[in-house]
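> Sequence below, structure please.
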Amino acid sequence: MKSLYHLHITLALKGPVLTKSTNPASFGLDAVVARDFHTNRPMLPGTLIEGRVREALYQIGETSRLDELFGQETFDDSSNEPVRGRLMVDDLLSTTDGSPNQSTSRTALDSVMGSAKGEALRVIETPFRPGEPVEFTGLARVFCTDDREAEEIARLLRLGLAWQVQFGAQRTTGFGRSETVAVKPVRAPDRQLPEFSTTPVALDLAVHPQGPLCIARHKIGDNLFESDDIIPGNMLAGAIMQTAKALDVPIPEFDSIRFRHAFPTQASRRPRALPLSTVRAGKKLLYDIANQRDPVLLKDENGQFVAPTFPVDWKEHGDALKQLDWASSARELRVRTAIDSVKRTADHGKTGNEGALFAWEMVHPFAADAAKTAITWRTRIDLSKVTNAKATAEALAKVLVWLGFVSKTKAFCEVLVKPVLKAEETPELKTEEPLFLVLHTSALLADPRFQDVRDVPRHGALTAAEMLTLYRNVWSELSGDSLVLRHHFAQQHLAGGNHLYHYFQSKRKPNLPYDPWLLTDAGSVFVFTVRDAAKAREKLTTWLAGGLALPDWAKKRFGDGWKQNPYRPENGFGEVAVHASPFAQPESRSISLATPILPSMS
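A predicted model of the protein is given here:
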């Protein structure tokens, strides 16, 4: 088994130093110093250090371990196989805050007049004066076999940093001049592992990222990566597997493990999804109308009956999410660019006009409040399908205490592991009585393109009754006809794009047509009538422990292996729970419609 080594980095520079922040500047400043969100100290981003060191080693000719330590670029015409570097570099923070409210100004010269050019004045924040010593410190992390390998990687890092003359912006005017560099490898102290005296059925995790995350959503532009604040189960599984490989720790029966999504919270329990049956009556009152099959009016704070508004129409969800234990993370946009190896400047492409600028939206592990309180991501790893759960749990524990490579930032995480010894209790069900279920994560359920639609005419957008038919068919299949869907509150979204197509769909068969996945959203509520209580309870027990199985149409179209389909229950999708809303049921008034929205249940 390999060990984690901390490479303690110390950079001594001479002021002024400017690593420009992409956050809005204060009034009167054109360029502000990038600062760490938590400490507010000036920083050198870890991505800047990685990029400069890689470029320096390339220039020097030390190229044998570049791809191993820093990863490889993924090209558009490839299958998007990830090749991530072993080295994880944190942001380097200055040891002092510098002098606040200090700035310097510059202006361009008019080449004809020989005087200051009009409207060209720039005011730059300079917390460190010219000649003032500045020290930046931080960590790089890497898993190594022994001290010798750690020292070799530290040597390369030290060499790459020593090759730098200056750091940050405004280098041509003397900013950020490098003085000395130190990189000291230290083996991380051993960590106590949880003991498993009894075989666990699951592991509860409290994940504390040690740096910002970039959990990329579906891209709407070529150079912007917006971040989600939920760590999906497949991302968690990938980070665990990469850490396991770095540690040289095999995890038995890995493909049978189910990784649930990790949700951000400041509470002691995992948050719940906002049910789509939640509505507002007026501006203040929140209710749950899951038991209403037909349209109703609700009494608002003024005692008037009004039409309810659903979450899709709300402008603000904070008050509802807070009651469900969700935390709101602080966010930051960081802009980056590739480096031209010849000119040693920002890469402007072959024509000089293309550029390689891109931006990451970062999610900090702190709340967006004045106190900057810490946020924990809580999740569960289910072992119900694992034959030797104790051995698998012990292997997972060895990896989880050193978890790294989380999200695009390769964030290192502190993880608290708690064994779960008893499966979630399944409530008693009675025939002909209602059952309310809610999705905590999105799921492949209904899709009119591939589902059996003999009862649904094809004529463009489907009606509510037609979607009910599709959902009713799939729930009948999943429950073995033990449940009959009465009504639902659900919405859907398409997932796909270039990366997912090349990484999953095109591998199955050459020239396979592109088909995005149609997912039923988290928070969707389904209301059933129990037809067979014993069988329904057996199915519900399986769903609570392992998630919803993929319907037959999804297996046929997208496959059910991890190499073909990312939206499997093992990746945290299709998590379902018995619906228990914290919001009260309202006083309501029925609306009579000439044409009912849904067909009669009789």
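> show me what contacts the residue nearest the centre of the chain?
Centroid-nearest residue in the chain: residue 215, 3.0 Å away (criterion: Cα atoms, centre = their mean). By Cβ atoms under 8 Å, 6 or more residues apart in numbering, residue 215 lies in contact with 227, 228, 229, 230, 231, 232, 235, 363, 407, 408. Backbone N, C-alpha and C define where each C-beta goes, glycine included.
> Now tabulate those in a markdown table and tack on distance to residue 508 and secondary structure.
Shown next, in a markdown table, are those (distance: Cβ to Cβ, whole Å; DSSP: H, G, I helix; E, B strand; the rest coil):
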| residue | distance to residue 508 | secondary structure |
| --- | --- | --- |
| 227 | 29 | strand |
| 228 | 27 | strand |
| 229 | 32 | coil |
| 230 | 27 | coil |
| 231 | 27 | strand |
| 232 | 22 | coil |
| 235 | 22 | helix |
| 363 | 33 | strand |
| 407 | 27 | coil |
| 408 | 26 | coil |
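> out of the residues you listed, who's nearest residue 481?
Comparing the contacts of residue 215 against residue 481 with Cβ to Cβ picks out residue 232 as the nearest, at 31.7 Å.
> What pLDDT is listed against the nearest residue to the closest one once chain neighbours are set aside?
Distance criterion Cβ to Cβ, 6 or more residues apart in numbering; nearest residue to residue 232, sequence neighbours excluded, is residue 261 at 5.2 Å. Predicted confidence (pLDDT) at residue 261: the value is 98.
> residue ranges with poor pLDDT in the protein?
Scanning the chain with the threshold set as pLDDT under 70 gives 25, 74-82, 343-345, 348-355, 454-460, 602.
> just curious, which of the contacts of residue 215 is nearest to residue 385?
So of these, ranked by how close each gets to residue 385 (Cβ to Cβ), first place is residue 232, at 19.2 Å.
> What's the local residue count around the closest one?
For residue 232, the count of nearby residues is 22 (other Cβ atoms under 10 Å).
> Distance check, it against residue 327.
Per Cβ to Cβ, to the nearest Å, residue 232 is found 17 Å from residue 327.
> can you map out the helices along the stretch 401-550 of the chain?
464-479, 498-500, 506-508, 533-546 (DSSP state H, counting those that start in this stretch).
> for the helix or strand hosting residue 157, which positions count as buried?
For residue 157, the host element (DSSP states H and E) is helix 147-162. In terms of neighbour count (16 or more other Cβ atoms under 10 Å), helix 147-162 has its buried residues at 149, 150, 151, 153, 154, 156, 157, 158, 159, 160, 161.
> shouldn't the fourth one be in contact with residue 87?
If I follow you right, that is residue 153. Yes - counting by Cβ atoms under 8 Å, residue 87 is a contact partner of residue 153 at 7.2 Å.
> Need the residues touching each of these two.
Residues touching both residue 153 and residue 87 (Cβ under 8 Å, 6+ apart): 69, 142.
> Could I get the full set of helices for the stretch 1-150 of the chain?
Using DSSP H, counting those that start in this stretch, helices in the stretch 1-150 of the chain cover 46-60, 66-70, 147-162.
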